[in-house]
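> Okay, here's the prediction I keep looking at, along with the sequence it came from:
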Amino acid sequence: MASSIPFDEQFFVEKDRNNKYEWLIFCITIILLLFHGILFHWLPRYFRGKREIDRLRYLPYFKFVNKWDIFTSCVAVKLPYRKQPFYFQPSVLLLGLAFLAVSGVFCFVETTDLDYQPRYYVVSKRISKVSVGTLPTLMIMLMKNDLVTSITGLQHDRVTFLHIWLGRLMWISISVHLALACKYWLGLNFEIMIMIPPQIFGMMAYGCLFFLTWASMKFIRTWSYDFFLFQHRVFAFIMLLMSFFHNKGNRAAVLISVHGLVIDRVVSRAISVVHKRRCPTKGESEFEILDDETILVTIPVKEATFSQKSWYTVFLPNVKIWKPGQHIFLNVPKINFFQMHPFTIASLQESGDMKLLIRTQKGFTKRLMKKLVSLNETNDDEATEIMTTASSQTGRRHKLKVNFHGPYGAKHQPLINFDSILFFAAGSGGAFVFPVAVALLREIKRKEENNDYLHRPKNNIIRIVWSIKKKENMIWFADSFGDLEEFLEERRLIISIYITQESNKFTEKQLTQFTFETVKATTSSSNNSFAFSESDLMSYNYGRPDVAEIIGTSASAIEEYNSLAVCSCGPPPFVNNIKVACNSNRKKKHAPDIYCYSESF
């Protein structure tokens, strides 16, 4: 059957259609992200903020969200060849399949009446345009600022996950496009068409996309994150440039992608410059080795005179203001002049100092530790010794210049609206948990003193579960324990500490009395070996916490029309266990509204 489109017009009709579906897939991805943010972040935030003292309102909506979370939450699958369960989200699989289905329809729709070339070649060009249509969304997800997370309600790790899988889907699509295009021209014995400059540029772009996709695997990032970051940036730049030259029709999508990312990086750099100029020490900060694997960084900001009323504060965050649980991107020029690494702020803005707890891993953190150790050993001119102890490494503080931009993150629901709040932290995950808990307790106390119970429960139940390797690790957050002491005394808080790499060698009566003053004293003492007392509000345990039992007990104590928030920070297996436990309790009859928020490192 002959096409109804004249032969001499088919090329132009095809071009218009390809452009249409390229931008249509872009609009669909953006709309889906906006829809997710409205439905699962902003509406729950609004409805929880309108609750009554003794119960939630808008129960049908929260029942819907509960059902949705059951379907979309993390699932653990035990495999015979793996010690640890394999975690995945069914919703992500279905979302990927749905995206493939929509993309597949766009690749074939309105191609049957274009018969001036074999259909498979017409489809191959459409595949290329549909893939390029996802490029702006792919690059937007790389933004460090909170634009995407604020709108969508997705956490930074989820946005990064979507970026990775959109990139892999793009590589599959472009591979199909390349194979079909080569088949067409080689089938005509017209090899010159795959050797002309535009096609060479396209193949170079594909080669870069190949490395971007498969050189970003987890084992490479774990082996050397610095190497991954360097090669990823280089290949991304080359790929975008070659795509720009390959096809004029790609230029709009490439320009939007590049400009969006460049604006984000320029804003971040501007924020870094403002922070450094407004810092009372012009970026000079204190570094202290707490133990063999931990560094405390203190960035002084309390003397800054950054005005909230200045016009540029509309666009740039105040250097003295950050929310509990937020993170910054830190650069230490003495270690690496260009690289910025994210670290959670382990202090409240009232303290006047940004404190970062850095655990030594590989790359930047390992080099930083070596630098501090060498300063301890050589006492060269760039180090200022403030305090010395009997230890050769710990207790000494050194001053190094830093740059940072932020703060970012912590886009969770207001926790004061929940009847019960459970905090889980593993190791340095306390950098997120402790400031958030302290700020929440202070807010509750302030409102109670003013008899303000509007849109919140009258008696919040707050519990912190912290898992550490050794008792000595408690010195990491000595300031936070000092802030929490008053709330323990007022019986507003329950703390459970789990020690995983030590055994209980003493009976309960033989335990040395532990006080918060003891914790503070250990920060300036070489003797960091201590135990602590157990009470009905503060307990210690040897072993790993049973998160399923803890969450189940808390959920069963809450009525159906009330709510439970579970906030966690730690390595992925720890966080995933908590997600699975939350999901299991959602399935129970008369389950409360369970909100699960996690920060993973």
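Great, that's in hand. Residues are numbered from 1 along each chain as shown.
> ok, residues contacting stretch 344-355?
By C-beta atoms under 8 Å, 6 or more residues apart in numbering, the surrounding residues in contact with stretch 344-355 are 296-303, 320-322, 324-328, 356-357, 404, 407, 430-432, 434-435, 438-439, 477, 479-480, 483, 569, 599. Any C-beta I mention is one placed from the backbone N, CA and C, and that applies to glycine too.
> Filter those down to the buried ones and hand me the PyMOL line.
Selecting only the buried entries of the contacts of stretch 344-355 in PyMOL, with 16 or more other C-beta atoms under 10 Å as the criterion:
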select buried, resi 296+297+298+299+300+301+320+322+324+325+326+327+328+356+357+404+407+430+431+432+434+435+438+439+477+479+480+483+569+599
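> Next step: the contacts of stretch 344-355 restricted to helices.
Counted as lying in helices by DSSP state H, out of the contacts of stretch 344-355, are 430-432, 434-435, 438-439, 479-480, 483.
> between these, which is nearest Ile25?
Set against Ile25, the nearest of the ones in helices among the contacts of stretch 344-355 by C-beta to C-beta is Phe432 (35.9 Å).
> Surely the closest one touches Gly325?
Yes. Using C-beta atoms under 8 Å, Phe432 is in contact with Gly325, at 4.9 Å.
> what sits against the nearest residue to Ser480 once chain neighbours are set aside?
What sits nearest to Ser480 in space, not counting adjacent residues and going by C-beta to C-beta, 6 or more residues apart in numbering, is Phe434, at 3.7 Å. Phe434 makes contact with 346, 425, 464, 477, 480, 483-484, according to C-beta under 8 Å, 6+ apart.
> what number of residues lie near Phe190?
11 (other C-beta atoms under 10 Å).
> List phi and psi for it.
phi -120, psi 60 (degrees, to the nearest 10).
> same thing with the one 5 residues further on?
Reported as degrees, to the nearest 10, the phi and psi values for Met195 are phi -120, psi 0.
> Tell me how many other residues surround it.
By other C-beta under 10 Å, 11 other residues sit near Met195.
> ok, now how distant is it from Leu59?
66 Å (C-beta to C-beta, to the nearest Å).
> do the same with Gly202
Gly202 is 55 Å from Leu59, by C-beta to C-beta.
> the more surrounded of the two?
When neighbours are counted by other C-beta under 10 Å, Gly202 and Leu59 differ, and Gly202 comes out ahead with 22 against 13.
> Surely Ala76 touches Pro85?
Yes. Counting by C-beta under 8 Å, Ala76 touches Pro85, with 4.0 Å between them.
> ok, back up a step: identify the contacts common to Phe432 and Gly325.
Common neighbours of Phe432 and Gly325, using C-beta under 8 Å, 6+ apart, are 344, 410, 599.
> Now do stretch 244-263: distance to the chain's middle.
Relative to its chain's centre, stretch 244-263 lies at 26 Å (C-alpha atoms, centre = their mean, to the nearest Å).
> any idea how this protein splits into domains?
7-195, 270-303+316-408, 415-600 (automatic domain parsing).
> what about those domains, which gets the closest to Phe227?
Closest of the domains of the chain to Phe227 is domain 270-303+316-408, at 8.5 Å (criterion: C-beta to C-beta).
> end-to-end on that closest one?
15 Å (C-alpha to C-alpha, to the nearest Å).
> need the strands for the stretch 151-300 of the chain, in chain order.
284-291, 294-300 (DSSP state E, counting those that start in this stretch).
> I'd like to know which of those is closest to Ala179.
Each of the strands of the stretch 151-300 of the chain has some distance to Ala179 by C-beta to C-beta; the shortest is strand 294-300, at 50.0 Å.
> for the closest one, packing partners?
Packing partners of strand 294-300 (3 or more C-beta pairs under 8 Å, 6 or more residues apart in numbering; DSSP states H and E): strand 284-291, strand 353-359, helix 364-378.
> picking that back up, export the strands of the stretch 151-300 of the chain to TSV and append columns for mean pLDDT.
Output for the strands of the stretch 151-300 of the chain, formatted as TSV (pLDDT from 0 to 100):
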stretch	mean pLDDT
strand 284-291	88
strand 294-300	90
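> I'd like those written out as JSON lines, with distance to Arg17 added.
Shown next, in JSON lines, are the strands of the stretch 151-300 of the chain (distance: least, C-beta to C-beta, whole Å):
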{"stretch": "strand 284-291", "distance to Arg17": "57"}
{"stretch": "strand 294-300", "distance to Arg17": "54"}
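> and of these, who's closest to Lys589?
Between Lys589 and these, the tightest spacing by C-beta to C-beta is seen for strand 294-300, at 44.7 Å.
> strands paired with that closest one, and their directions?
Strand 294-300 has the following strand partners under DSSP bridges: strand 284-291 (antiparallel), strand 353-359 (antiparallel).
> The longest helix belonging to the chain packs against which elements?
When the chain is parsed with DSSP H, its longest helix is helix 156-187. Contact analysis of helix 156-187 by 3+ C-beta pairs under 8 Å, 6+ apart lists helix 90-108, helix 119-133, helix 135-140, helix 147-152, helix 197-214 as its packing neighbours.
> so the last one versus helix 156-187, what angle?
In this structure, helix 197-214 runs at an angle of 140 degrees to helix 156-187, with axes from the mean of the first three to the mean of the last three C-alpha atoms, to 10 degrees as the basis.
> cool, and the longest one?
Counting by the same axes, to 10 degrees, helix 90-108 lies at 30 degrees to helix 156-187.
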